[in-house]
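**Q** got a structure for you, letters missing:
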Ligand code: V47
């Protein structure tokens, strides 16, 4: 069994007094005039942009970054320092481990009442290429997945105008019956709101959400994926996904899911019409909600806090109890956001096809910024299907600790015209992780280690 080396320690508990002066016209270290020995920030990372020195000091000390500092992370030309800093934090939290899972994505239907302009997946019912699977077809895929040794099914689809609420509960309970070992992670927040309306509880507001989630949980739902968040901003909402739920509703669905004990993830779709300021705002909203969710856990673990902040990225000595939350630990009886997944926009075949989409460097920076700003979300996923496996390897060295899984079929985006069959083997995933310098660790959906013997597996004690 491969053991991960312990996380690197870059400790600097208190903010040091400024001890350097910089010339105002240059941002290179050669013009940095030291009056005292270099600070830890300078020694560890040698920022070429002097504006980053206090940011590095704050992160090393375990202090939360402000939105203005977040903007600087996006604007500085010193990408190297940002990525190095994200790597320090990632190693503090996860050491040398990179998580992957054996999963299957099932997109049960692409028929959708919405027409978000970034989305090339949706179809109207009578449009060419529209499809919907019967419950039996979904269950057939689930059985195959279980037989192949998968631990998770990730199920999402469009907002179908006709399928009754019972289709969704039957789908969950039939999978539970025929493939009981699979964890069912299903339905984005907008689908949950759609199901709330289908089950005639739209008028009940937040209580209606709790009720519909309870029904779905009773049928077999075990967690929510992070999709459909896009960018939490009214301007962007108006421009490219007008009819979809807004940020407060998305956040409420996840709050309700956490309240009834389901974990969830969060995504951020970037590189289209949004501005970097809006990405930072998106992160701030997630961070604030997670602070509230983890308040009791933080106190039970003896983690000190300023103003209710829960920072998980600091030096080891700040964590007398657990550093990373797990449902069931002291102080945590609810679910929480486990993972942030930044999703780079793919323009191909969407109504925004004229846009260029984000560059590789922007993808790398965004992963690093997510790691640094979302200091209370334990995991950062480089979803290899959208990032490519090669780029995902690089991202593991720049903030990401998770690469998603074997996937197999993926309908929502296609890199360079790939077919919907987008599969990688466990051997390839592990090789990619090792090549990047990390130790692969198979997890279940809740980040418990898996011990595997072929297609047979169990959760490690
Ligand atoms: O909700 C749609 C996005 C999401 C495009 O929770 C697009 O573990 C890029 O949420 N370009 C679905 N993105 C994927 C998703 C996800 C993926 C992997 C893991 C997890 C998780 C969640 O894909 C949608 C939407 O935000 N999307 N169209 C596009 N053209």
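**A** Perfect, I can see it now. On a predicted model such as this, the values are computed, not experimentally measured, just so you know. Numbers count the residues shown, from 1 in each chain.

**Q** Looking at the stretch 201-350 of the chain, which residue is nearest the ligand?
**A** residue 227 (2.6 Å; CB to the nearest ligand atom). (Glycine included, C-beta is placed from N, CA and C.)

**Q** Can you tell me what sits against the one helix or strand residue 431 maps to?
**A** Using DSSP states H and E, residue 431 falls within helix 426-435. Outside helix 426-435, the residues that touch it by CB atoms under 8 Å, 6 or more residues apart in numbering are 98, 100, 102, 384, 389, 392-393, 396, 403, 405-406, 439-440, 442.

**Q** if you set the cut-off to 7 Å instead, what comes out?
**A** Residues from elsewhere that reach helix 426-435 (CB atoms under 7 Å, 6 or more residues apart in numbering): 98, 100, 102, 389, 393, 396, 403, 406, 440.

**Q** For that helix, buried residues please.
**A** Within helix 426-435, the residues that count as buried by 16 or more other CB atoms under 10 Å are 426, 429, 430, 432, 433.

**Q** if we can go back for a sec, lowest-confidence entry in the contacts of helix 426-435?
**A** Lowest in pLDDT among these is residue 406, which has 80.

**Q** That one reaches residue 100, doesn't it?
**A** No - using CB atoms under 7 Å, residue 406 is not in contact with residue 100; the gap is 8.1 Å.

**Q** burial measure for residue 74, as a count.
**A** Counted by other CB atoms under 10 Å, the residues lying close to residue 74 total 18.

**Q** what's near enough to touch it?
**A** Residue 74 neighbours (CB under 7 Å, 6+ apart): 276, 365, 369.

**Q** Buried ones only from those, please, as a ChimeraX command.
**A** Listed next is the ChimeraX selection for buried residues among the contacts of residue 74, using 16+ other CB under 10 Å:
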select :276,365,369
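
**Q** Among the contacts of residue 74, which ones are in helices?
**A** Using DSSP state H, 276, 365, 369 are the members of those that sit in helices.

**Q** Same list (these) but as TSV, adding pLDDT and distance to the ligand.
**A** TSV is the format used below for the ones in helices among the contacts of residue 74 (pLDDT from 0 to 100; distance: CB to the nearest ligand atom, whole Å):
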residue	pLDDT	distance to the ligand
276	96	17
365	98	17
369	98	18
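
**Q** Could you dump these into TSV and include distance to residue 233?
**A** Formatted as TSV, those follow (distance: CB to CB, whole Å):
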residue	distance to residue 233
276	11
365	19
369	16
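
**Q** ok, of those residues, which one's closest to residue 167?
**A** residue 369 (39.4 Å; CB to CB).

**Q** The closest one contacts residue 73, doesn't it?
**A** Yes - using CB under 7 Å, residue 369 is in contact with residue 73, at 4.7 Å.

**Q** shared neighbours, the two?
**A** Contact criterion CB under 7 Å, 6+ apart; residues shared by residue 369 and residue 73: residue 82.

**Q** right, is stretch 334-345 up against the ligand?
**A** Yes - Stretch 334-345 reaches the ligand (CB under 6 Å from any ligand atom) through 341, 343, 345.

**Q** buried set for the helix or strand containing residue 146?
**A** Assigning secondary structure by DSSP H and E places residue 146 in helix 135-147. For helix 135-147, a neighbour-count test (16+ other CB under 10 Å) marks 135, 138, 139, 141, 142, 145, 146 as buried.

**Q** Can you name every helix or strand that that helix contacts?
**A** strand 103-107, helix 165-178 (3 or more CB pairs under 7 Å, 6 or more residues apart in numbering; DSSP states H and E).

**Q** Run the chain-centre distance for the very next helix or strand once past the longest one.
**A** So that's helix 165-178. Next helix or strand after helix 165-178 toward the C-terminus (DSSP H and E): strand 183-186. Distance of strand 183-186 from the chain centroid (CA atoms, centre = their mean, to the nearest Å) equals 16 Å.

**Q** For the stretch 301-450 of the chain, which residues are neighbours of the ligand?
**A** So far as CB under 6 Å from any ligand atom goes, the stretch 301-450 of the chain lies against the ligand at 341, 343, 345, 346, 350, 383, 404, 412, 413.

**Q** Let's see that with 8 Å instead.
**A** 339, 341, 343-348, 350, 352, 357, 381, 383, 385-386, 404, 412-413 (CB under 8 Å from any ligand atom).

**Q** Just the buried ones from those residues, in PyMOL syntax?
**A** In PyMOL, this line selects whichever of those come out buried by 16+ other CB under 10 Å:
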select buried, resi 339+341+343+344+345+346+347+350+352+357+381+383+385+386+404+412+413
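
**Q** From the residues of the stretch 301-450 of the chain next to the ligand, which land in helices?
**A** Checked against DSSP H, these include these in helices: 385, 386.

**Q** what's the domain layout of this protein?
**A** Listed by automatic domain parsing, the domain ranges of the chain are 22-94, 98-459.

**Q** What residues does the stretch 151-300 of the chain have near the ligand?
**A** 154, 156, 185, 188, 224-230, 264-267, 269.

**Q** Quick one: neighbours of residue 124, just the number.
**A** Neighbour count for residue 124, taken as other CB under 10 Å: 14.

**Q** ditto for residue 97
**A** Count around residue 97 with other CB under 10 Å applied: 22.

**Q** can you pull the contacts of it?
**A** Residue 97 neighbours (CB under 7 Å, 6+ apart): 4, 401, 438, 439, 441.

**Q** among the residues you listed, which ones are buried?
**A** Neighbour-count burial (16+ other CB under 10 Å) is assigned, among the contacts of residue 97, to 401, 438, 441.

**Q** so which residue of the stretch 1-150 of the chain comes closest to the ligand?
**A** For the stretch 1-150 of the chain, CB to the nearest ligand atom, closest residue to the ligand: residue 119, 4.3 Å.

**Q** Which secondary structure element is home to residue 99?
**A** Assigned by DSSP H and E, residue 99 falls in strand 97-101.

**Q** who does that strand pair up with?
**A** strand 402-405 (parallel), strand 439-442 (parallel) (DSSP bridges).

**Q** The following helix or strand past the last one: partners in the sheet, and parallel or antiparallel?
**A** Along the chain past strand 439-442, the next helix or strand (assigned with DSSP H and E) turns out to be strand 450-453. Using DSSP bridges, the strands paired with strand 450-453 in its sheet are strand 456-459 (antiparallel).

**Q** which residues of the stretch 151-300 of the chain fall in helices?
**A** 165-178, 189-198, 205-219, 234-240, 247-259, 276-293, 295-300 (DSSP state H, counting those that start in this stretch).

**Q** Touching stretch 134-147 from outside, list them.
**A** By CB under 7 Å, 6+ apart, stretch 134-147 touches 104, 106, 108, 153, 167, 170-171, 174-175, 178-179, 181-182, 455.

**Q** ditto for stretch 320-338
**A** So stretch 320-338 is contacted by 93, 254, 257-259, 261-266, 286, 290, 293-294, 296-297, 299-302, 312, 377-379, 447 (CB under 7 Å, 6+ apart).

**Q** Could you list the residues in contact with stretch 282-295?
**A** 67, 70, 231-232, 247, 251, 255, 258, 266, 268, 308-310, 325, 334, 336-337, 370, 373-374, 376-377.

**Q** Now list the buried members of these.
**A** 70, 231-232, 247, 251, 255, 258, 266, 268, 309-310, 325, 334, 336-337, 370, 373-374, 376-377.
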